[in-house]
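A.B. asks: Provide a 3D model corresponding to the input given below.
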Amino acid sequence: MKKRNKVTETNFSRLVDTELSAYIQKQDISYKEGHQKTAVKLSVMDFKKMVKTAKIRDFIGSLITDYQYLVDYTNSKLVGDVQKLRGQSHISDSNDEIINIDRKITQVDDKIAPLKGKFDDAGKRHRTVVRKWFYFFIPILILIATMELISNFDALDSLGGSKISSFGMAILTGICVYWYSHFIPDKIRKYGQGKPKRELLLFFLFLIPIVIVFYFFSMMRIQYMTALNQEMAEIYNTSPLVFTIVNAFAYTISTWIILAFKPTQEVILAYKKYLNDVKEIQKLETIREDLCQQKSAINPELREKLTDRFQILLLGKQTEDEIVTRMRGCFELFKMELYLKTNGTCEVLFTGDVEKDLPKLKLNYQNLNEKFPTNEK
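C.D. replies: Predicted coordinates:
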């Protein structure tokens, strides 16, 4: 079990594995007792007759072996966590991911640049006109066509015949008038050349086919229904004016609305192009923003992973430092016991420098060289 003990007087935290520390402490006590006995056994030697090259390190091999075992035991406990938290591999993976995101950002920038380069916001000026046409006047035209349909059905039904045929003819008539009223205004603009009198003349000229067609159509239906049943002639509405006036009036209103308020095709296309360009640019900028957020999140995630790894490495270093300290303490007890038992005659084995007298352990966690990200690219 690992826990972190915060030291308030110093500005650092010490990570502690309580189970590992307890084991090391237990073994250290056992080693000290054992090597004090070794010092007693060694004290019976005749140190004055020893060769001058004899040193204390020649007699403490078991002491070094014991504490080297603790170092290796610590490594066996921590190596799994260290391998799981791969450190430099995480850095390499993060760098590859950053390179990949930068490549995607560059691709998006390459798409945005030409769009912004040819972007023309002049279409934005047509917004009010175009939106008023599509969301206000077209619904009015649809309402007029609906009212015309109802009026035609009623007029045709008053002329006689089945309701199904009257309804079908009313629909066909409404479609024809609706199409014709959209077709004529462009011709009036084209040939009227902006002159009101000429445009008014053209309007009445184009109204003539509506009046003639629907007048004769109404007359033909009256004659047909009368021929089928002479007795019903007095019951049928024999006047073609109702049907003719309804459609002429619908045509007049629709044509006037379209002629006065419908934007030109160039204006509509310019506004649609503006909307499409804005939508495409916003879509690409959203993608770019998402990629930038992904890139910004990489370094904090990497820092967290490296911090976890660094803490494990730091635990290893602290534990090894503790083992070295305990080994030196054991060595000093051994040395003191040997001095007491030999009345100092063992001095020839010591140099007075613990670094020379005591061989170094093979440590694994002394170089903490993790690279932490410090800035955003």
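
A.B. asks: pLDDT weak spots in the stretch 201-350 of the chain?
C.D. replies: Residues of the stretch 201-350 of the chain meeting the criterion pLDDT under 70: 221-239, 296-312.

A.B. asks: residue ranges for the helices of it, please.
C.D. replies: 241-261, 265-342 (DSSP state H, counting those that start in this stretch).

A.B. asks: the last one packs against which elements?
C.D. replies: Contacting helix 265-342 under the criterion 3 or more Cβ pairs under 8 Å, 6 or more residues apart in numbering; DSSP states H and E are the following elements: strand 12-17, helix 18-42, helix 61-84, helix 88-117, helix 127-132, helix 354-357. C-betas here are computed from N, CA, C, even on glycine.

A.B. asks: list the buried ones in the shortest one?
C.D. replies: The neighbour-count criterion (16 or more other Cβ atoms under 10 Å) identifies residue 357 as the buried residues of helix 354-357.

A.B. asks: can you give me the mean pLDDT across that helix?
C.D. replies: Here helix 354-357 scores 84 as its mean pLDDT.

A.B. asks: off-centre distance for that helix?
C.D. replies: Averaging C-alpha positions (Cα atoms, centre = their mean, to the nearest Å) puts helix 354-357 60 Å from its chain's average.

A.B. asks: which other helices and strands does that helix contact?
C.D. replies: Using 3+ Cβ pairs under 8 Å, 6+ apart, helix 354-357 sits against helix 265-342.

A.B. asks: report the angle between the helix it packs on and helix 18-42.
C.D. replies: With axes from the mean of the first three to the mean of the last three Cα atoms, to 10 degrees as the basis, helix 265-342 and helix 18-42 are set at 20 degrees to each other.

A.B. asks: how near is the residue of the chain positioned farthest from its centre to residue 347?
C.D. replies: Distance from the C-alpha centroid of the chain, by Cα atoms, centre = their mean, peaks at residue 49 (81.0 Å). For residue 49, the distance to residue 347 equals 15 Å [Cβ to Cβ, to the nearest Å].

A.B. asks: buried stuff in stretch 277-293?
C.D. replies: Across stretch 277-293, burial judged by 16+ other Cβ under 10 Å covers 277, 284, 287, 288, 291.

A.B. asks: from residue 111, how far off is the fourth one?
C.D. replies: So the one you mean is residue 288. Computed as Cβ to Cβ, the residue 288 to residue 111 distance reads 9 Å.

A.B. asks: what does the last one give?
C.D. replies: Residue 291 sits 13 Å away from residue 111, going by Cβ to Cβ.
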